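Peer 1: I need the structure of the sequence given here:
(3 chains)
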Amino acid sequence: MGKNLVFLPIVAVVIAIQLLTAWTGTIYYLTQLTMSAYYSLLIVGLCVVMGYAGQISIGHAGFFAIGGYLSAALTTRNLIPHADFLLVRLLNSLGCLQAGQDVYGDPLLVFTPWVACIIAILTTLIVAFILGVPVLKLKGHYLAMATLGFGIIIYRIVLASAYFGEADGISGVPGFMLVPGLLVSGDKAWRVPNYYIAWSVLLLAILLLRQLIDSRVGRALRAIHGSPEAAEAMGVDIATYKLKTFMLSAVFSALAGVLLTHYNGGIGPSEASVMKSVRYVAIVAVGGMANLWGALAMGMLLNFLSLRGLFGSYDDAVFGLILITIMLFAPNGILGLQLGRIWQGLPYFLRKKPVTKGVND
Amino acid sequence: MTILQVLQLSKRFGGLQAVDEVSFSLRQGMIKAVIGPNGAGKTTLFNLIAGMLAPTGGEIRFQGRAIQGMRPFRIAGLGIARTFQNIKMFTGMTALENVMVGRHSQSKSGFLASMLHTSGCRSEERAIRVRALELLDFLGIADCADTLATNLAFGQQRAVEMARALAMEPSLLLLDEPAAGLNIYETAEIGRLIVRIRELGITVLLVEHDMSLVMDISDEIVVLSFGQKIAEDIPTVIQQDPEVIKVYLGE
Amino acid sequence: MTTELFIQYLVAGVTYGSIYAIVAIGFNIIYNTTGIINFAQGEFVMLGGMLSITFLHYLPLPLAITLAVLVTMGIGAAIEMLFIRWLKDPGVLRMIIITIGLSILIREAALHVWGSNVRALPYFFGNEISTFAIFGARVSPQVLWVIGTCGLMVVALNIFFQATSIGREMRACAANRVAALLCGIDTRNMVTLSFVLSAGIGALAGAVMSPITYTQYDNGTGLAIKGFTVAILGGLGNSLGAVAAGLLLGIIEAFSVSVVPLAFQDAIAISILLIILFVRPYGLFGSSAMAGLKEF
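Peer 2: Numbers count the residues shown, from 1 in each chain, chains lettered A, B, ... in the order given. Have a look, this model is predicted:
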C-alpha cells in the first residue's frame, strides 16, 4: 500500500484549493476545476492507450460524445408519445424510466440517469470493439486516420440529427443522483460536493490505472512497447491487449462525457469535434505520453486555463502549437525535460516507470 | 518419446525455396542442433517453428499436435520458449521485470483483476517475482535484477533472455545462435548452461554457427544446405560426413 | 433515374473525384519520399483557394492563381525545412502528431486571417448559371476546368517522374533511401521537393475547385480524410491507383446523394475508409504480399 502514499499530497492539494476558494470568495473557480477533472478523466485513459499501448487515437472526443449525448438524449427525450410501445412499457415496469416535467410544465417520461449511463457505456464498449478489432492490428497512420474518421462521423451524426439537437446540442439535462445525497449537477448549491465527486472519480481512475500498469497486464503492455516480437514470444496476445486497452480508455472517455454532461446540464456538438480529440492528444503528449501524473497535471492546468478563457480566440491554435513544440523539442513531455534529474532524487515509490521511447513507436 | 516432429516442412519466398521438405524430430530431453552455412535456411526453419512465419508446405507437430501457422503467442502458450539471435530486451524495463514478463503465459490476472489488485492478483504477483528472482539466481545474475536490462553487458543480456525463456517453464527451448557475439569463455559458459537446462528436463533445439559449441553439447545434429537437409546424425559422425565437409569447405 | 440526372451525378462525381485524386497524389508523393503521411495535406488545398481569392483583389485571375500556388509551395518548403528536416529518425507516431499540429496551426491562422466566412473565386468563364449540355444534362463549364486541370497535373507529374532526372532521383529515393544516398542523390532536398510538389498540386486544385465547392478555413480536414481514403483505396504510394480510386469515391458520393441526406455524405466516405482499412488495408489494386514489403 506504500505505493499509494503518493495520493496523499494530491488529496491535500485538492482540499487546500477548495478551502482557499472558500476563504478568498472565489468559489466560482471550482466550476472550471470540476470540468477540468472530468476532462482529465478522459486524458488519463488516453494516456494509457498512447503511452503504454503505443497507439494514437484522434477520436476520443467521439467516445466522450457518445457518452455525453446518449445520456443527455435518454434523460431528456420524452417517451410519452411512445408510451404504448411494448419496449417502453417493459422498461417502465423495470424501473428504468422516471417521470418529470419539461420547462413548460408538461409531463415527461425519460430514462433514469443510471440506466442512461449504463446504456451509454455499453454502447461505447461495442463501438470501441467494432472500431478496434481490425484497426488495432494496423500501425501508426492507419489507426490515426481511422480514429480521426470515426470522430468525424460522430460529429456529423450529432450535428445532423434532430434527436441530438443538431447545432444547438441538448440542454436541460437533469442532475445525476449517484447515490442518495450525491448529485452530479451544476446547481450552485451542489458546487462544492461536485468538486469532490469529480476528484474522487478522477483519483479512483488513476488508482485503477496505476494498479493496472503495475501488474501482469501493465508489464505485458510495456513489453509490447519494448519489443513486440519478444513479447509475443513470451505468450502476450498483442492485438487483444491493445484492443482491451483501447476499449478501457473509451469507457473512461464515455464516463467523462456522461458525468460532465450531467454537471453542465447539457452538451453541444463542439464536444465531438476533431479539435477536442487533438487537444486531448496534445495534453497527453505534453504530460510525457507514458506518465499518468504528467497527464493529470497537464490535463488540469491546460483545461482550466482554456475554460477560464485565457487563450481567447486562439484556444485551438494554442493546442496545435503545444503539440508541435512538444513533439519537436521534448517528445518525452515537459516533465521529462529538466525534471529528469529531480526525478532521480525522488524516493522510489514516487518514481513511476521510465518514459523512454515514449513516442518512437 | 518424441516431443517435436518436423515433417516435409517447406517455405517459399517468391522464387526462393528457403526451406525445402525438411523432416526431423526431437526426443524428449535431448539437445539437437541445426547447422549449415549462411543462407542454408536455418533462421527460416527456426521462425517457422516459433510461428513468426507460416510454412508453404509440410507439418510441425509439438507433443502430437499440429502447430504450423499458429500465432507465436499461441505457440508460446503451448510451452515452446525461444531466444533471439540479436537479443531483444524489453527497453525501459529492469532485468527482473524482463524475466517477470516471461511468466506471462504461466499467470492469468486480466484487466479487471489487475486494476482492482484483487488478492488473487497480488499473490500471483508475489509468486511471479519469487520465481523470476530464482531464475536470475540460477543464471548467476541476481545482482543485476534492478538494473535496466538494456544497460547490462552483452553476456548478461543473453543470460536475462535465457532466464526470461525459462520463466515460461517450457518443455521445448529454441535457442537462436546463443553464442553469437560471445568470446570463447562466454561461449563455453553458455554451453555449460545449456547442459544444465537440459538437466531440468527441458528439450533444447538450437541453431548455431559455432562448431565447437555444437559438437560439444549436442546429442544430434541436423545439417542444412540451400534449404535441404543433407545430414542428420550424432556429432562424431557428422564430423566425418564427406557431404557436410564439402558444404562447409567447398569442393 | 433519367439519363440527364445520371449524367449530372456522374459529372459531379468525376469533378469531386479528380480533386480527391489530387489530394491523394499529394499524400503519395510525400509518403514515397519520407514514409510519413502528411496530415496537413488538406490545408494546402484550402490555402490555394484562400490565397487566390485574396490575390484576386490586386491581380488578374491567372496571375493570382499562379502566385497563390507559388506561395503555397513556399509554405510547403518552409514546413519541411522548419519542422521535418532536422529531426533525427523520428518515429511514425511523432511525425503524425507533428503534421496534425501543423494542420491545426495553418487552419487557425487561416481563421484569423480570413475569418470563418465561406469564400469563393469567381467562375473562370461565365457565372453560376452559365451551362452547356452533355447528352441533355446541363453542366457548368467550371467542371471542365477542374477535371482538365487535375488531368493535366496527373499527366505532367507522370512525365516529371518518368522523364526528368530530378523526377527519377525522387523515385530512386522512394524505392530505397539509403541506396539513393549512396548514389549521390541528396535525399534531403528530395524530401523538400516532395513537400513543394504536394503543396503546389494541392493549391492548384484548391484554386480551380473554389468556384464550385467554395473555400472555408476548415475545408482541409474533410479533404484530407477523403484524400487519404482514396490513397488507401488506390494503394498507398500508387498514384495511378489514386486516380482510379478518386474517381470511384467521387462517383459513389455523388450517387449516394439520392439515397443519403447531404449531411451524412462525409460519413459515407469515412465509412468506406474504415471498411477498406478493415478488409483491404493494402488497397483495391495492391496485394498483401506487396504491402508486407513496405513499412507502415
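Peer 1: who touches the host helix or strand of residue B:237?
Peer 2: Per DSSP states H and E, residue B:237 falls inside helix B:235-240. Residues outside helix B:235-240 that contact it (C-beta atoms under 8 Å, 6 or more residues apart in numbering or on different chains): B:214, B:215, B:218, B:220, B:221, B:223, B:231, B:244. Using the backbone N, CA and C atoms, a C-beta is placed for each residue, glycine as well.
Peer 1: how does it look with 7 Å?
Peer 2: With contact meaning C-beta atoms under 7 Å, 6 or more residues apart in numbering or on different chains, helix B:235-240 is reached by B:215, B:218, B:221, B:223, B:231, B:244.
Peer 1: Am I right that the second one is in contact with residue B:35?
Peer 2: What that stands for is residue B:218. No - applying C-beta atoms under 7 Å, one finds residue B:218 not in contact with residue B:35, separated by 9.0 Å.
Peer 1: intersection of neighbour lists for the two?
Peer 2: Joint contacts of residue B:218 and residue B:35 (C-beta under 7 Å, 6+ apart) do not exist.
Peer 1: so who does the most centrally placed residue in chain A touch?
Peer 2: Centroid-nearest residue in chain A: residue A:42, 1.6 Å away (criterion: C-alpha atoms, centre = their mean). Contacts here follow C-beta under 7 Å, 6+ apart; on that basis residue A:42 touches A:60, A:64, A:252, A:253, A:256, A:280.
Peer 1: Is there proximity between the helix or strand harbouring the second one and chain C?
Peer 2: Going back to what we said before, that points to residue A:64. Using DSSP H and E, residue A:64 maps to helix A:60-76. No - under the criterion of C-beta under 7 Å from any C-beta of the partner chain, chain C is not reached by helix A:60-76; the shortest gap measures 11.4 Å.
Peer 1: so what secondary structure elements neighbour that helix?
Peer 2: helix A:29-47, strand A:107-111, helix A:113-135, helix A:140-160, strand A:170-171, helix A:238-264, strand A:266-267, helix A:274-287 (3 or more C-beta pairs under 7 Å, 6 or more residues apart in numbering or on different chains; DSSP states H and E).
Peer 1: List the buried residues of the next helix or strand after it.
Peer 2: The helix or strand immediately downstream of helix A:60-76 is helix A:86-93, counting by DSSP H and E. Applying a neighbour-count criterion of 16 or more other C-beta atoms under 10 Å in any protein chain shown, one finds A:88, A:91 buried in helix A:86-93.
Peer 1: Which positions in the stretch 151-251 of chain B make contact with chain A?
Peer 2: Counting by C-beta under 7 Å from any C-beta, the stretch 151-251 of chain B sits next to chain A at B:164, B:168.
Peer 1: quick one: low-confidence parts of the stretch 151-251 of chain B?
Peer 2: B:249-251 (pLDDT under 70).
Peer 1: try chain A
Peer 2: Judged by pLDDT under 70, chain A has its weakly predicted residues at A:1-2, A:103, A:135, A:137-140, A:335-361.
Peer 1: how many neighbours does residue 238 have?
Peer 2: Using chain A here. 21 (other C-beta atoms under 10 Å in any protein chain shown).
Peer 1: not what I meant, chain C
Peer 2: 23.
Peer 1: now it: how far from residue C:174?
Peer 2: 11 Å (C-beta to C-beta, to the nearest Å).
Peer 1: Ok, residue A:63 next?
Peer 2: Taking C-beta to C-beta, one finds residue A:63 at 37 Å from residue C:174.
Peer 1: Kindly report the same for residue A:320.
Peer 2: Residue A:320 is 29 Å from residue C:174, by C-beta to C-beta.
Peer 1: Between those two, which has more neighbouring residues?
Peer 2: Under the criterion of other C-beta under 10 Å, the comparison of residue A:320 against residue C:174 puts residue A:320 first, with 24 against 21.
Peer 1: Just the element for the more buried one, please.
Peer 2: Using DSSP H and E, residue A:320 falls in helix A:315-329.
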